[in-house]
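[1] pasting the sequence and the predicted model now:
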Amino acid sequence: MIKITFLGTSGRFPSIKRNHPAMLLTYKGENILVDCGEGTQRQFRMAGISPTKVTRLLVTHWHGDHVLGIPGLIQTLSLNGYKKTLFVYGPRGIKKHMQDLLHAFPSVGGIKMKVDEVDGKFLETDDFYLESKQMVHGIPCNAYAFVKKGQKRIDKNKLKKSGLPLGPILQKLKEGKDIMFEGKKYLAKNLTYVQDARKICFIMDSAINKNMQLLAKDADLLVIESTYSGELHELAKEHNHMTCKQVAELAKKSGVKKLILTHLSERYEKEPAVILNEAQKIFKETHMAKDFDIFEI
């Protein structure tokens, strides 16, 4: 099971109900924090989650509402005897930003950190991988995908029709390899399927661009900013953001199963349904995240 806990769902300004952006993806021993806006460590406490469980931090871009919680989080980890290495990933420039941060707050240090600038697939285990793609926001900016690998299975009905015998020869099919038998070639892709694969994408501040559809293709969950309503498309374009109409159309084109809207502008604080309803007209399976909401797949 993969769990997404929304620790902050506001836009540029926090509100009484919404904190600055932060999302925690939990899978087995991994607790991957996506962005760390101001007040995130307090949100951890309110959610009943220890900040020391964080294993990795994915930074989408270096704007205050997405990163001002990092110094406090690192200090809290240090004061609580954090023994792991905190892996920090981000777009071009993240190494310099983290160096400057530690220089500005010298008392924050005290834990092991490894900071990497990433583009493309940057972490792979036997069970999952992480991928990033560059976005368009006026400064270096990344979107991310967490992909749980599925298990390759042999389709028993197709195997029976193929005439292939049972036995060790089938192991190659499970490994995704084509096989030859009695002079005939059997393609693994025609006799197998992938079971239980899962994909979650996080796309924060950005203008609409082609990399979004590449990253979000066939995602089970697409978590994405919805800063503007459709009528403000010119304003969205000017500030390198998206409208709820654009993100709904993206979800539809990309074959996404469920769309989750976040990064709500303060202008819609009293009427978030304005954003939600507009998106649902285009993509029915759309949800508006609130602070402390949990989604599981």
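    Cool, the structure landed. Numbering: from 1, shown residues only.
[2] domain-wise, how is the chain divided?
    The chain resolves into domains spanning 3-150+196-288, 153-191 when parsed by automatic domain parsing.
[3] any idea of the mean pLDDT for the longest one?
    Which is domain 3-150+196-288. Mean pLDDT, taken over the full extent of domain 3-150+196-288, equals 94.
[4] one more: the shortest one?
    When pLDDT is averaged along domain 153-191, the result is 81.
[5] show me where this protein has its helices.
    In the chain, helices defined by DSSP state H lie at 40-47, 64-67, 70-79, 94-104, 156-162, 170-174, 188-191, 210-216, 233-238, 244-254, 273-282, listed in chain order.
[6] closest to residue 135 out of these?
    Between residue 135 and the helices of the chain, the shortest separation by Cβ to Cβ is 6.7 Å, and it involves helix 210-216. Where you see a C-beta, it was placed from the backbone N, CA and C, and this is true even at glycine.
[7] and the closest one, what does it pack against?
    Helix 210-216 sits against strand 128-134, strand 142-148, strand 198-203, helix 244-254, with contacts defined as 3 or more Cβ pairs under 8 Å, 6 or more residues apart in numbering; DSSP states H and E.
[8] what about these, which gets the closest to residue 210?
    Between residue 210 and these, the shortest separation by Cβ to Cβ is 9.4 Å, and it involves strand 128-134.
[9] residues in contact with the closest one?
    The contact list for strand 128-134, computed with Cβ atoms under 8 Å, 6 or more residues apart in numbering, reads 27, 30, 32, 58, 89, 91, 118-124, 140-149, 211-212, 214-215.
[10] one more pass at 7 Å, please.
    The contact list for strand 128-134, computed with Cβ atoms under 7 Å, 6 or more residues apart in numbering, reads 27, 91, 118-123, 141-149, 211, 214-215.
[11] picking that back up, save the helices and strands packed on helix 210-216 as TSV, and put in mean neighbour count and distance to residue 66 too.
    Formatted as TSV, those follow (neighbours: other Cβ atoms under 10 Å; distance: least, Cβ to Cβ, whole Å):
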stretch	mean neighbour count	distance to residue 66
strand 128-134	20	15
strand 142-148	24	11
strand 198-203	25	11
helix 244-254	22	18
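[12] which one, of the ones you listed, ends up nearest to residue 38?
    Checked against Cβ to Cβ, the stretch from the helices and strands packed on helix 210-216 lying closest is strand 198-203, at 18.8 Å.
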